[in-house]
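Colleague: What would the 3D arrangement of this be:
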Amino acid sequence: MHAWLCTEPTGVEALKWTELPTPAPGPGEVLIKIEAASLNFPDLLIVQNKYQMKPALPFVPGSEYAGVVEAVGPGVTHLSPGQSVACLSGTGGFGTHTLAPAALCMPLPKGFPAVDAAAFIMIYATSWHALVDRAMLKEGETVLVLGAAGGVGTAAIQIAKAMGAKVIAAASTDEKCELCKSIGADATINYSRDNLRDALKALTDGKGPDVIYDPVGGDYAEPAFRSIAWRGRYLVVGFASGTIPALPLNLPLLKVASIVGVFWGAFAKAEPKANAAMLGELVQWYGQGKIKPVIDRTMPMSELKAAYAHMGSRGVMGKLVMVNP
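Modeller: Numbering: from 1, shown residues only. As a prediction, this is how the structure comes out:
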């Protein structure tokens with residue numbers, strides 16, 4: 001097997017395409033032949049030693065991937081060789097093969113392409129957990145999605161629309177706004193040009209959004225929160241801008257609004273049965289055509305460093321997926 005090996009987390013340039021012995025699965029593990037692996041923001045942070053999870057060195061990055069089970073370890077009964085699966089295990093995806101905990105593998109129905117499967121779990125599980133479980137989104141409410149053209153943003157648009165909400169998508173370019181409209185957004189705001197608060201006031205007749213989905217943080221967090229509706233819910237999903245905002249606590253007081261943390265990974269570990277049920281329903285939604293990952297582009301696994309550079313340029317819309325021949 002071959003894989004992109006990180007021997008020191010000093011950045012993408014330190015990764016090396018390395019030949020390694022193909023491992024045998026241990027108890028509770030499966031060996032997966034990787035067909036596709038998506039690139040996520042944590043995959044950049046982890047090779048820079050900036051992510052909260054710090055794997056032992058050396059390691060293979062690549063948190064989310066899909067492929068075919070080649071072998072199963074002792075105690076694995078729900079998966080078998082030849083079965084297609086998707087997995088989000090945190091590491092291991094940027095290679096030709098990997099060992100994965102069987103408990104983290106999601107069996108795929110026939111007709112679920114590996115490229116879509118590799119771009120599925122993180123964005124849809126995060127957005128479902130945020131909107132359904134944490135915000136308790138109701139039909140007819142208005143959702144503002146910040147960073148709406150990114151992976152989790154596009155997933156949030158689709159899930160909110162499937163639940164009968166009105167969606168306002170905010171993004172940094174007209175091209176990204178057009179993408180958001182094409183997947184169901186009712187209105188868009190180009191926040192590199194438009195005043196966010198003024199635009200939200202106009203689009204909601206002064207009421208403000210009931211739910212704000214924020215995977216970005218940074219400078220737009222406070223003006224977005226100042227626009228929130230009475231009893232609104234502000235979802236803290238992540239900080240893709242690199243800056244963790246500090247919100248004045250008088251703002252939730254004045255609007256009787258809630259600041260709600262969203263950490264899908266912790267939810268999956270703490271409530272595995274609820275998480276499994278959620279993933280099962282999301283797979284059904286995919287089969288029904290309600291949701292489908294937006295794929296910016298696919299690139300050969302050998303071009304991983306170029307893919308990292310593209311992601312770092314903030315030019316990705318949806319998900320970028322690496323594929324093996």
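Colleague: need the contact list for the closest residue in space to Gly312 that isn't next to it in sequence.
Modeller: Nearest in space to Gly312, with sequence neighbours left out and distances taken as C-beta to C-beta, 6 or more residues apart in numbering, is Leu44 at 6.9 Å. Backbone N, C-alpha and C define where each C-beta goes, glycine included. Leu44 makes contacts with Val12, Tyr308, Met311, Gly312, as judged by C-beta atoms under 8 Å, 6 or more residues apart in numbering.
Colleague: C-terminal to the host helix or strand of the second one, what's the next element?
Modeller: Just to be clear, that refers to Tyr308. For Tyr308, the host element (DSSP states H and E) is helix 304-312. The helix or strand immediately downstream of helix 304-312 is strand 319-323, counting by DSSP H and E.
Colleague: Show me where the stretch 201-325 of the chain dips below the pLDDT cut-off.
Modeller: Applying pLDDT under 70 to the stretch 201-325 of the chain flags no residue at all.
Colleague: Would you state the strands of it in chain order?
Modeller: 211-214, 233-236, 258-261, 295-300, 319-323 (DSSP state E, counting those that start in this stretch).
Colleague: how about CSV for these, with distance to Pro25 added?
Modeller: Shown next, in CSV, are those (distance: least, C-beta to C-beta, whole Å):
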stretch, distance to Pro25
strand 211-214, 38
strand 233-236, 37
strand 258-261, 35
strand 295-300, 26
strand 319-323, 23
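Colleague: And those strands: which comes nearest Glu139?
Modeller: strand 211-214 (12.3 Å; C-beta to C-beta).
Colleague: in the stretch 1-150 of the chain, which spans are helices?
Modeller: Under the criterion DSSP state H, counting those that start in this stretch, helices of the stretch 1-150 of the chain are mapped to 41-47, 114-118, 121-128.
Colleague: same for the last one, what does it pack against?
Modeller: Under the contact definition 3 or more C-beta pairs under 8 Å, 6 or more residues apart in numbering; DSSP states H and E, helix 121-128 sits against strand 84-88, helix 151-162, helix 264-270, helix 272-287.
Colleague: What lies in contact with the first one?
Modeller: By C-beta under 8 Å, 6+ apart, the list of residues contacting strand 84-88 from outside reads 30, 32, 63-69, 79, 93, 100, 104-108, 112, 114, 117-118, 120-122, 125.
Colleague: ok, of those, which come out buried?
Modeller: Buried by 16 or more other C-beta atoms under 10 Å: 30, 32, 63-69, 79, 93, 100, 105-106, 108, 112, 114, 117-118, 120-122, 125, out of these.
Colleague: ok, now how distant is the spatially most central residue of the chain from Ile295?
Modeller: For the chain, the residue nearest the mean C-alpha position is Ile123 (2.8 Å; C-alpha atoms, centre = their mean). Using C-beta to C-beta, to the nearest Å, we find Ile123 at a distance of 11 Å from Ile295.
Colleague: again, but for Lys255
Modeller: Separation of Lys255 from Ile295 (C-beta to C-beta): 38 Å.
Colleague: now Gln83
Modeller: Distance of Gln83 to Ile295, given as C-beta to C-beta: 23 Å.
Colleague: try Thr10
Modeller: Thr10 is 30 Å from Ile295, by C-beta to C-beta.
Colleague: Between the two, which is the more surrounded one?
Modeller: Ile295 (19 against 12; other C-beta atoms under 10 Å).
Colleague: Quick one: residues in contact with stretch 93-103.
Modeller: For stretch 93-103, the surrounding residues in contact (C-beta under 8 Å, 6+ apart) are 1-4, 20, 22-23, 25-26, 28-34, 37-38, 43, 60-65, 70, 72-73, 76, 78-79, 87, 89, 92, 118, 272, 301, 304, 322, 324.
Colleague: ok, now with 6 Å
Modeller: 1-4, 22-23, 25, 28-33, 37, 60-62, 65, 76, 79, 87, 89, 92, 304, 324 (C-beta atoms under 6 Å, 6 or more residues apart in numbering).
Colleague: low-confidence ranges in the stretch 51-200 of the chain?
Modeller: Using pLDDT under 70, the stretch 51-200 of the chain has no residue that qualifies.
Colleague: Recalculate using a threshold of 90.
Modeller: 51-53 (pLDDT under 90).
Colleague: show me where it has strands.
Modeller: Going by DSSP E, counting those that start in this stretch, the stretch 51-200 of the chain shows strands at 64-72, 84-88, 97-101, 105-107, 142-145, 166-171, 187-190.
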